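> turn this into a structure:
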Amino acid sequence: MYIIAAYLVIALSVLVLAKKTVQLEKEAERNQLIQSYMVTLQGFYQTIQSQIDMTRKFRHDLAKHIQTLEELMEEQNESELREYADSLKQEYRQVENKGESESEVVNAILSMKGRQCREKNIPFCMNIEEKGYALVRDIDMVGLLVNLLDNAIEENERIESEEQRGIWLDMKEKEQGEVWLQIKNKIRPDKKINFQTEKKGEHGIGRGIIEYLVKQYQGEEKVSIDQKMSVFCEIVLLKNRIQEDESK
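Residues are numbered from 1 along each chain as shown. Here you go, the predicted model:
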C-alpha cells in the first residue's frame with residue numbers, strides 16, 4: 001500500500017515537473033521571440049526614420065523648388081530648367097508613396113517596400129485609407145507591415161516569370177479605431193503551403209512576430225490560399241492593445 005502511494009506521489013511530482021518545464025520552455029521561447037523582434041526592429045527603425053526625415057525635408061523645400069522653377073522659366077533657360085526638373089523628379093521618387101495615409105510611419109514603410117518591389121520587378125498595388133492608425137504603436141506597425149511585406153516579397157522572388165508576380169495590400173481604420181488589413185501575394189503554381197511547416201521553417205521568426213502582435217492587440221488573423229489562382233491571402237484585424245507590457 002505504501003509502495004503504491006509512493007509511486008503515485010512520484011508520478012504526480014513528475015507530471016508537475018513536466019508541466020512546469022513546458023511552461024518555462026514556452027516562456028523562454030516567447031522571450032526569445034520578443035528579443036528577436038526588438039533586434040530586428042532596430043535596423044528597420046533607422047531606415048524608416050531616414051525615410052521620414054527625407055520626406056519632411058522634401059515637403060519643407062517644396063515652395064523653394066517651385067520658386068526656382070518659376071525663375072528658370074522666366075529666364076527661358078531650357079537646359080538648366082530640364083536639368084533641375086530631372087533632379088527634382090529623382091528626389092521625389094525617393095519619397096513617393098501612392099498609398100498616402102496620415103501616419104508617417106505607414107507612409108515610410110510603404111515607400112521603402114514599394115521601392116524594393118520596383119527594384120525586384122514585383123508589381124505592388126496599395127489601397128490605403130487616409131487614416132492615422134493611432135491604435136497601433138509605431139514600433140508594432142513596423143513589425144507587422146515589414147514582416148507581412150517581406151514574406152510576400154520573398155514568395156514573389158521565387159516566381160521566375162515576372163508576369164506572374166504581384167502583391168496587393170488593403171488597409172483601413174474601422175469605426176472603433178480597429179485596424180484591418182489584407183495582403184495578397186502570388187506564389188509559385190506548384191507551391192503547396194503547409195502552415196505548420198511555414199511557421200517552423202522559412203518565415204519562422206517573421207510569422208512568430210505577426211502572431212505575437214495579433215495577440216497583443218487581441219486581434220484576429222486569417223490565412224488562406226487560392227491554389228487555382230496561385231494567391232496567398234492573409235487578413236489581420238487589430239482590436240485593442242494589451243497594456244501589460246507598459247512597465248517593461
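
> on the three-state scheme, the residue lying closest to A152 once chain neighbours are set aside is what?
Computed as CB to CB, 6 or more residues apart in numbering, the closest residue to A152 that is not its neighbour in sequence is N185, at 3.6 Å. Glycine gets a C-beta too; all of them are placed from N, C-alpha and C. When classified by DSSP: H, G, I helix; E, B strand; the rest coil, N185 comes out as strand.

> how about stretch 156-175: buried residues?
Within stretch 156-175, the residues that qualify as buried are 156, 159, 165-173, counting by 16 or more other CB atoms under 10 Å.

> farthest pair in those residues?
For these, the maximum inter-member distance is 32.0 Å, found between I159 and E173 (CB to CB).

> all strands for this structure, in order.
124-128, 167-173, 179-186, 220-226, 231-238 (DSSP state E).

> who's in contact with the second one?
Residues outside strand 167-173 that contact it (CB atoms under 8 Å, 6 or more residues apart in numbering): 99, 101, 106, 110, 117, 122-129, 131-133, 135, 149, 152-153, 156, 179-186.

> with the fourth one instead?
Contacts of strand 220-226 with the rest of the structure, by CB under 8 Å, 6+ apart, involve 187, 193, 195, 210-211, 214, 231-237, 239.

> need those residues in a markdown table with neighbour count, can you?
Converted to a markdown table, the contacts of strand 220-226 look like this (neighbours: other CB atoms under 10 Å):
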| residue | neighbour count |
| --- | --- |
| I187 | 22 |
| I193 | 13 |
| F195 | 9 |
| I210 | 21 |
| E211 | 13 |
| V214 | 17 |
| V231 | 15 |
| F232 | 21 |
| C233 | 15 |
| E234 | 18 |
| I235 | 15 |
| V236 | 22 |
| L237 | 17 |
| K239 | 16 |
